[in-house]
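In: here's a sequence, model it:
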Amino acid sequence: MKIQSPPTYNPVDRWKILEKVLKSIEDNPKFKEFLYIQSEGKYVHWDKFRRIPLPFDDISHQEAWIFIDYLRGLSKQVILLGEHTFSFNLPKILLKKLHILDLHFGGTLKSTFKNSDINTNFYLHSSLIEEAIRSSQVEGASTTRKVAKEMIETGRKPLTIDERMILNNYKAMEYIIRHENEVLSEDHILTLHGILTDGTLEDENEVGAYRHSDDVLVVDTVTNETLHTPYEAKKIPKIMEDFISFFNVRHYEGETFIHPILVGIMIHFFIGWIHPFVDGNGRTARGLFYWYLVKNNYWMVEHISISRSIKRSTTDYKNAYLYSETDKNNITYFLNYNLDCLIQGLDDFKVYISRKQEKEKFLKTLQHKKNITVRQSEIFMFLKKKTGIIFTVRQIAEIFSISKNMARIDLEVLVQNGSILKKHINKKSFGYISN
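Out: Below you'll find the predicted structure:
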């Protein structure tokens, strides 16, 4: 269903409507409360607001919306990207969500890792796999999570374009972590896009390169309706320069403070809006979102898959873009949606940690029983879970972020106490498998 743009009026009629609504508010306090909830508490778009039953008869939906739009206009903040103007508000619903995220990113989650024996490098590896899979699935990749995870963990080569897309996403996340503290450049963006789209595009010249034509449209795959007309191709290099400048500015310093999480989400939005590439814009946008937050000390975001939350609500993801674009580039809708995704990611993380803490208790028991270290018990449980799959020393070293020598020592200890088996892969190489 097509998103309906908010109603507009000429200035004279607009002021007459505002006067009418103000008078109605004076006579009906419940009307004021209703408008406040829709504007501050829920921050609804006109397309939803026009379907909400009104608690009064003398004011129409259009007239009530004009008043909501007026209130938002009084407190809006403006963002310039090249010659284009975007705006956003900070309604209480956004402030509350930012508070939740700051509370956990800065305190609760950090202390959870600090006070736990959980292997943070191993969890980071698992998180990168999860984000790689979900981000690709958002873009249409159909490979199952189980098959994709097995491909990355065993190091086998992708068999389909969908598997290639997922492996590329994983490599892109690794690239971001390696370069997270560097000043973003055009070369970084093109390299990131090149990693993400390697072997997945028909024209190899479009890999790691801005698009050169305007025949790319964002289309609803069900209705074939054009949802968004991307930025003019010949102007992409210039606006991407402005984008890079926006990325590298510390918006949380100085008088024009913008919360870093909001800036990260804006970066996500701008890449989708510009659409600088023939394909891979969404994956690049989400990658740069992670990059910005990690670069600005929100390191815990590495452990959260925002794409997992987006995959659960792809229609809302699409609508968040459309709401913003149809309401005079008001990106508050997109900010609000992505904050929800981050909070959902936090909730998923808490569930994971809870399970891991229970597993820790078991691992400690196993550690004493078999006279092995915590890491060795984790490797044992990992191989046990992957029954029938042979892993090499190199693969275990990569999965657990340890050296090959340490991985070999741990594996041999487990072989010697009978926990796992050592098998020939070929005449020269050995692998390890659950007993």
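In: I'd guess V78 is in a strand, am I close?
Out: Yes. Assessed with DSSP: H, G, I helix; E, B strand; the rest coil, V78 lies in a strand.
In: domains in the protein, by residue range?
Out: Domain assignment of the chain by automatic domain parsing yields the ranges 11-75, 92-351, 371-434.
In: so how far does the last one reach from one end to the other?
Out: To tie it back to what came earlier, the one meant is domain 371-434. End-to-end distance of domain 371-434 (Cα to Cα, to the nearest Å): 18 Å.
In: just how off-centre is that domain within its chain?
Out: 33 Å (Cα atoms, centre = their mean, to the nearest Å).
In: quick one: low-confidence parts of the stretch 101-250 of the chain?
Out: In the prediction, the stretch 101-250 of the chain carries residues with pLDDT under 70 at positions 106-128, 132, 135, 139-143, 145, 218-224, 226.
In: can you do 80?
Out: Applying pLDDT under 80 to the stretch 101-250 of the chain flags residues 105-150, 152-154, 216-228.
In: all strands of it, in order?
Out: All strands of the stretch 101-250 of the chain, identified by DSSP state E, counting those that start in this stretch, fall at 218-219, 226-228.
In: could you give me the buried positions within stretch 170-185?
Out: 170-173, 175-177, 179-180, 184 (16 or more other Cβ atoms under 10 Å). All C-beta atoms are positioned from the backbone trio N, CA, C, and that covers glycine.
In: over to stretch 340-358?
Out: By neighbour count on 16+ other Cβ under 10 Å, the buried set for stretch 340-358 is 340-346, 348-349, 352-353, 356.
In: how about stretch 411-421?
Out: In stretch 411-421, counting by 16+ other Cβ under 10 Å, buried: 411, 413-414, 419-420.
In: would you agree S434 is in contact with I390?
Out: No. In this structure S434 lies outside contact range of I390 using Cβ atoms under 8 Å: 9.6 Å.
In: and the top helix by length along the chain, what does it pack onto?
Out: In the chain, with assignment by DSSP state H, the single longest helix is helix 332-370. Helices and strands touching helix 332-370, by 3 or more Cβ pairs under 8 Å, 6 or more residues apart in numbering; DSSP states H and E, are strand 84-88, helix 92-103, helix 109-114, helix 260-274, helix 306-312, helix 314-326, helix 374-385.
In: using CSV, write down the CA coordinates of stretch 317-324.
Out: Provided in CSV are the C-alpha atoms of stretch 317-324 (Å, rounded to 0.1, in the frame of the first residue of the first chain):
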residue,chain,number,x,y,z
TYR,A,317,12.2,-0.9,7.8
LYS,A,318,10.9,0.1,4.3
ASN,A,319,8.2,2.4,5.8
ALA,A,320,10.7,4.1,8.1
TYR,A,321,12.5,5.3,4.9
LEU,A,322,9.2,6.3,3.2
TYR,A,323,7.8,8.1,6.2
SER,A,324,10.9,10.2,6.4
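In: who touches it?
Out: With Cβ atoms under 8 Å, 6 or more residues apart in numbering as the contact definition, stretch 317-324 has outside contacts at 3, 45, 47, 138, 227-228, 269, 272-273, 310, 330-334, 336-338.
In: try 6 Å this time
Out: Outside of stretch 317-324, the residues within contact range by Cβ atoms under 6 Å, 6 or more residues apart in numbering are 3, 45, 310, 330-331, 333-334, 337.
In: what's the closest of those residues to I402?
Out: Nearest to I402 out of those is I310 (Cβ to Cβ; 32.3 Å).
In: setting aside sequence neighbours, what's the nearest residue to the residue nearest the centre of the chain?
Out: In the chain, the residue lying closest to the centroid (Cα atoms, centre = their mean) is I306, at 3.4 Å. Excluding its sequence neighbours, the residue lying closest to I306 (Cβ to Cβ, 6 or more residues apart in numbering) is C341, at 5.0 Å.
In: pretty sure that neighbour is touching S309, no?
Out: Yes. At 3.7 Å, C341 counts as touching S309 under the criterion of Cβ atoms under 6 Å.
In: the domains of the chain: which one's closest to E83?
Out: Once the domains of the chain are compared by Cβ to Cβ, domain 92-351 is nearest, at 8.5 Å.
In: ends of that closest one, what's the gap?
Out: Domain 92-351 end-to-end distance (Cα to Cα) = 27 Å.
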